[in-house]
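Undergrad: All I have is the shape, not the residue letters:
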Ligand code: SF4
Ligand code: SF4
């Protein structure tokens, strides 16, 4: 199990579509800042969830502690 698991946003490629902030129901993203992706509660992220990353249209989300072979789609 990863020690700490949370999304890391590449702001160089993020297009601020809001898909990740909309998807997550665990308070990880600041919904007030949507559609911008701002991680405010990394501890809320569910270990080994790739939910937001799988939706990201620009492959801008990776995960701290990711020990899987998952590769962001649409990258
Ligand atoms: S990986 Fe899952 S729990 Fe973590 S921020 Fe994304 S949607 Fe939320
Ligand atoms: S889903 Fe991807 S492109 Fe859209 S706001 Fe989140 S990180 Fe940015």
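TA: Now that the structure is in, tell me what you want to look at. Only a predicted model underlies this, so the values are computations on that prediction, with no experimental measurement involved. Ligands and ions are numbered 1, 2, ... in the order given.
Undergrad: in stretch 51-63, what's buried?
TA: Of all the residues in stretch 51-63, those buried under the rule 16 or more other CB atoms under 10 Å are 51, 52, 53, 55, 56, 58, 60, 61, 62, 63. For the C-beta atoms, the positions are set from N, CA and C on the backbone; glycine is no exception.
Undergrad: pretty sure residue 66 contacts residue 7?
TA: No. Using CB atoms under 8 Å, residue 66 is not in contact with residue 7; the gap is 9.8 Å.
Undergrad: between the two, who's got more neighbours?
TA: Comparing residue 66 with residue 7 by neighbour count (other CB atoms under 10 Å), the higher total belongs to residue 7, at 24 against 17.
Undergrad: Make sure I have this right: the more buried one is in a helix.
TA: No. Applying DSSP: H, G, I helix; E, B strand; the rest coil, one finds residue 7 to be strand, outside a helix.
Undergrad: Apart from its neighbours in sequence, what residue is nearest it?
TA: residue 61 (5.0 Å; CB to CB, 6 or more residues apart in numbering).
Undergrad: can you tell me which residues contact the one you found?
TA: Residue 61 is in contact with 7, 8, 9, 10, 20, 37, 52, 53, 72, counting by CB atoms under 8 Å, 6 or more residues apart in numbering.
Undergrad: how does it look with 7 Å?
TA: 7, 9, 20, 52, 53, 72 (CB atoms under 7 Å, 6 or more residues apart in numbering).
Undergrad: Tabulate these (JSON lines), appending pLDDT and distance to residue 41.
TA: Below are the contacts of residue 61 laid out as JSON lines (pLDDT from 0 to 100; distance: CB to CB, whole Å):
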{"residue": "7", "pLDDT": "98", "distance to residue 41": "11"}
{"residue": "9", "pLDDT": "98", "distance to residue 41": "14"}
{"residue": "20", "pLDDT": "98", "distance to residue 41": "13"}
{"residue": "52", "pLDDT": "98", "distance to residue 41": "13"}
{"residue": "53", "pLDDT": "98", "distance to residue 41": "17"}
{"residue": "72", "pLDDT": "97", "distance to residue 41": "21"}
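Undergrad: So which of the residues you listed reach ligand 2?
TA: Restricting those to those within reach of ligand 2 (CB under 6 Å from any ligand atom) leaves 9, 20.
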